[in-house]
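Chemist: sequence first, then the predicted structure:
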Amino acid sequence: MSTSHHRRIVIGDVHGHYKGLMRLLEIIAPTSDDQVYFLGDLIDRGPQSSQVVNFVKDSNYKCVLGNHEQMLLNILTNGHVTTPALQAWLYSGGQATVASYQQATIPPEHIEWFKTLPTHLDLGDIWLVHAGVSPSIPLEKQTADQLCWVREEFQSIDQPYFRDKLIIVGHTITFTLPDVSPGKLAQGHGWINIDTGAYHPRSGWLTGLDITNSIVYQVNVLKNLLRTLPLEEALTTVDPVKVRENRLYKRC
């Protein structure tokens with residue numbers, strides 16, 4: 001595959017899989033001319049969340065806020081830990097994140113960095129967000145909760161939210177959508193989902209998308225596999241009617 005310089009590369013939910021991320025970046029081989037973006041959910045469930053956060057933060061790559069980072073931030077209210085929020089986060093994979101830090105202490109600089117993460121990034125023709133948008137709400141009224149957590153109402157839209165922008169998201173593992181196989185990307189009206197479930201035993205695929213050249217790079221963190229393929233071969237189109245009838249993804 002021939003590629004153009006000055007690539008725009010988007011990486012899906014890493015969920016603490018630092019070694020897999022390093023292998024993915026080896027095959028992508030970004031240069032100083034390339035722009036690399038992360039869709040959030042750097043942490044939780046996988047074994048090396050602290051290393052992932054250190055790497056992305058210190059590399060100055062741009063990253064949007066994911067629901068797992070938001071859950072961690074929600075634990076702290078006026079400087080105090082709130083028990084229900086703590087329990088919710090630990091149940092959702094936070095225990096693995098705590099274990100990845102020495103002495104089980106998350107450094108303040110990581111917390112402060114999470115606070116700086118934007119809910120979305122507008123690249124002109126591309127719009128990056130962790131989960132999606134609520135289709136019936138104007139953009140300026142979308143909340144962080146909606147942008148980090150929305151599922152069915154976004155994945156089942158019948159027409160693009162933007163006329164001139166493609167939305168790229170993570171959050172909902174693609175194989176939980178109707179007719180999408182593990183490792184495949186999903187697309188609907190005006191959106192592409194690249195969260196292929198790196199942490200999930202049914203998948204293990206971590207995905208990077210070169211938007212500029214329409215190339216998909218993938219590492220399977222469970223089976224030690226690598227693959228590179230054209231975007232059109234990696235995509236499965238999702239029927240919005242089936243999404244509205246589907247319930248599998250709500251359990252993931």
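Modeler: Yep, it's here. Numbering: from 1, shown residues only.

Chemist: who does the one helix or strand residue 146 maps to touch, helix- and strand-wise?
Modeler: Using DSSP states H and E, residue 146 sits within helix 144-149. Taking 3 or more CB pairs under 8 Å, 6 or more residues apart in numbering; DSSP states H and E as contact, the helices and strands that helix 144-149 lies on are helix 67-75. Glycine gets a C-beta too; all of them are placed from N, C-alpha and C.

Chemist: other residues contacting the helix it packs on?
Modeler: By CB atoms under 8 Å, 6 or more residues apart in numbering, the list of residues contacting helix 67-75 from outside reads 15, 40-44, 81-82, 85-86, 88-89, 92-94, 97, 106, 111, 114-115, 117, 130-131, 144-145, 148-149, 171.

Chemist: among those residues, which ones are in helices?
Modeler: Here DSSP state H is the test, and the contacts of helix 67-75 give 85, 86, 88, 89, 97, 111, 114, 115, 144, 145, 148, 149 as lying in helices.

Chemist: filter those residues to the buried ones?
Modeler: 85, 86, 89, 97, 114, 144, 148, 149 (16 or more other CB atoms under 10 Å).

Chemist: how much space between the first one and residue 46?
Modeler: Distance of residue 85 to residue 46, given as CB to CB, to the nearest Å: 21 Å.

Chemist: ok, now the fourth one?
Modeler: For residue 97, the distance to residue 46 (CB to CB) stands at 9 Å.

Chemist: shared neighbours, the two?
Modeler: In the contact map built from CB under 8 Å, 6+ apart, the residues linked to both residue 97 and residue 46 are residue 16.

Chemist: where does pLDDT dip in this structure?
Modeler: For the chain, the stretches flagged by pLDDT under 70 are 1-4, 77-80, 247-252.

Chemist: how about 50 then?
Modeler: When the per-residue scores of the chain are filtered using pLDDT under 50, the ranges that remain are 251-252.

Chemist: just the helices in it please.
Modeler: Counting by DSSP H, the helices of the chain are 18-28, 49-59, 67-75, 83-89, 95-100, 108-116, 144-149, 152-155, 231-234, 240-245.

Chemist: counting by contacts, list what the fourth one packs against.
Modeler: Under the contact criterion of 3+ CB pairs under 8 Å, 6+ apart, helix 83-89 touches helix 67-75.

Chemist: how about residue 20, nearest residue that isn't a chain neighbour?
Modeler: residue 221 (3.6 Å; CB to CB, 6 or more residues apart in numbering).

Chemist: hmm, residue 200 and that neighbour touching each other?
Modeler: No - the criterion here is CB atoms under 8 Å, and residue 221 misses it with residue 200 at 10.2 Å.

Chemist: for these two, indicate the residue with more neighbours.
Modeler: residue 221 (24 against 18; other CB atoms under 10 Å).

Chemist: from residue 91, how far out is that one?
Modeler: With CB to CB as the criterion, residue 221 and residue 91 are 22 Å apart.

Chemist: ditto for residue 145
Modeler: Residue 145 is 18 Å from residue 91, by CB to CB.
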